[in-house]
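Novice: model this:
(one chain, ligands or ions: 1)
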Amino acid sequence: MSKVIVIGAGISGLIAAYFLKKPYEVLEAKSYAGGLCVSYYENGFVFDCSGHFIHIKDEKIKKFINKLTGGIDKINRNASICIKNKFVPYPFQTNLYHLNEKMKKECIDGILKRKNIEISTKMPFLEWSKAMFGTGITKYFMKPYNQKLWSYDLNKMTAEWSESFIPKLNTENIIKSAYSKSKGRYGYNSTFYYPKNRGCGALIDGLTKKIKINANTKTKKIDIKNKTIFSFDGKLYKYNKIISTQALPELIKQITNVPLNVKTAAEKLLASSVRCINIGIKSEKGIPQLLKDRHWVYVPEMKFPFYRIGIYSNINKNNAPGNSYSFYVEYSSFNGRYKNTENVMMDFKKIGFIRNTDEIVAVNIIDMPYAYVIFDKNRQKSIEIINTFLNKNGIFSIGRYGAWEYSFIEKNIKDAKAIAELINEQF
Ligand SMILES: Cc1cc2nc3c(=O)[nH]c(=O)nc-3n(C[C@H](O)[C@H](O)[C@H](O)COP(=O)(O)OP(=O)(O)OC[C@H]3O[C@@H](n4cnc5c(N)ncnc54)[C@H](O)[C@@H]3O)c2cc1C
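Specialist: The predicted structure follows:
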């Protein structure tokens, strides 16, 4: 019997299945569900795929997530930027007070001397940053941090992704922040939600209680003429519609007889990868004072190979057993080759995040080959060409990597529900 085939059991695929009222099957390449929302449970530690916090604007989604996870806590962000051995509260641009006099002056001069030009997020990222925040803020934070995060030429990227993610403030607020400590809370993540138990994976636990998945079932070939999917384990699935949440370039590679313009468009899609090293530490002394209560720390300086660290056990004490604390450390790469990840413990000791006497009791390494979709001049046009072709053939590509976007859990839930409802109505 033909049905809807959902490719991928991450949050997008599971939510799509949850709302589908038609017969469906979920095919998942890995032996478990969750995609990047999965949590790993090791030696009493709860490790996510680096920081996975839930940002919710919609009350209905909040209620839904609350029920699914068995309860979520609302948390006020405590994030900072580690720069010149000091911690500057995040966001950088509203906390100039914490900088030394030279940096402060450069940031204020930069803001005051900005070119009077029309600002558009279609501009190259660095140009946009200078036009928006001036040369000083760009020099000390926007450029080095984003260089490390994206591992890609910031002159070849646009600033389109920044819309929801970088707090934009008026000049007066930025300058004021150099003279008195900022009290405002800015940005999409100034407060966030996190499950009371079992980390971000509580979301997935809630969904997999209701949805059956075919694990270890990686799709290999999609024959759009005969509406058949072949998996690597030799099975064959007839479909009427496909909801795919795998990365868009991979989906196109699997489809037979793809027109040349679609193939070419898919080849232009770029992404950077992330390696997350999770570390569990036992220490009678508890977490070093330097990190007490901090949720995550941005690390823009090039002398450290990682771009951000976070402290799971400060987000929720249930993330680590007694007398322990736990971290994630994030490294980025454009070509899949990460630099100096083996030095993580040495780097951490140097910076004071681990004491020499602390005992490392759990390590878990997660590679995310598709992590951050790169927004460049080709992206928008390419995804339009690809989606026109896919939709004509009854394939809907959704989710962070299916839609090829910089999205987050709440948006993934909304989009997956919307596509399920569309299919419920139309097919
Ligand atoms: C470093 C990092 C930090 C993040 N932090 C946050 C955060 O704090 N808050 C937030 O809201 N969001 C965050 N996100 C984004 C969040 O992880 C994603 O929006 C979300 O997990 C996307 O879910 P998805 O189901 O669309 O994709 P995925 O999670 O990628 O799921 C896709 C699924 O498809 C499966 N699959 C792939 N290929 C095949 C195939 N051929 N056959 C069958 N199955 C296949 C995969 O195994 C996977 O299970 C972060 C992302 C990254 C990279």
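
Novice: only C-alpha atoms for contact and neighbour calcs from this point on.
Specialist: Noted.

Novice: could you chop the protein up by domain?
Specialist: Taking automatic domain parsing as the criterion, the chain consists of the domains 3-40+49-75+196-269+377-426, 98-180, 271-373.

Novice: need the distance between the two termini of the last one.
Specialist: The reference is to domain 271-373. From its first residue to its last, domain 271-373 covers 4 Å (C-alpha to C-alpha, to the nearest Å).

Novice: the shortest one too?
Specialist: Terminal residues of domain 98-180 lie 9 Å apart, using C-alpha to C-alpha.

Novice: any part of it near the ligand?
Specialist: No - if you take C-alpha under 6 Å from any ligand atom as the test, domain 98-180 misses the ligand, and the best it gets is 9.5 Å.

Novice: so how far is that domain off the chain centroid?
Specialist: Distance of domain 98-180 from its chain centroid, counting by C-alpha atoms, centre = their mean, to the nearest Å, is 21 Å.

Novice: ditto for the first one
Specialist: For domain 3-40+49-75+196-269+377-426, the separation from the chain centroid amounts to 15 Å (computed by C-alpha atoms, centre = their mean).

Novice: equivalent analysis for stretch 369-381, please.
Specialist: Worked out by C-alpha atoms, centre = their mean, stretch 369-381 lies 14 Å from the chain centre.

Novice: who's in contact with that stretch?
Specialist: 150, 156-161, 247, 265, 268-274, 336, 401, 404-406 (C-alpha atoms under 8 Å, 6 or more residues apart in numbering).

Novice: list the buried residues in that stretch.
Specialist: Going by neighbour count (16 or more other C-alpha atoms under 10 Å), the buried part of stretch 369-381 is Pro369, Tyr370, Ala371, Tyr372, Val373, Ile374, Phe375, Asp376, Arg379.

Novice: for the longest strand seen in the chain, which strands pair with it and how are they oriented?
Specialist: Taking DSSP state E as the criterion, the chain has its longest strand at strand 359-373. Looking at strand 359-373 with DSSP bridges, its partner strands are strand 271-282 (antiparallel).

Novice: and the helix or strand following the partner strand, does that touch the ligand?
Specialist: Per DSSP states H and E, the first helix or strand lying C-terminal to strand 271-282 is strand 296-298. No - Strand 296-298 is not in contact with the ligand by C-alpha under 6 Å from any ligand atom; minimum separation 10.8 Å.

Novice: same for strand 296-298, what does it pack against?
Specialist: strand 79-83, strand 308-311 (3 or more C-alpha pairs under 8 Å, 6 or more residues apart in numbering; DSSP states H and E).

Novice: mean neighbour count, those: which tops it?
Specialist: Sort the helices and strands packed on strand 296-298 by mean neighbour count, taking mean count of other C-alpha atoms under 10 Å, and strand 308-311 sits at the top with a mean of 24.

Novice: all good on my end, thank you.
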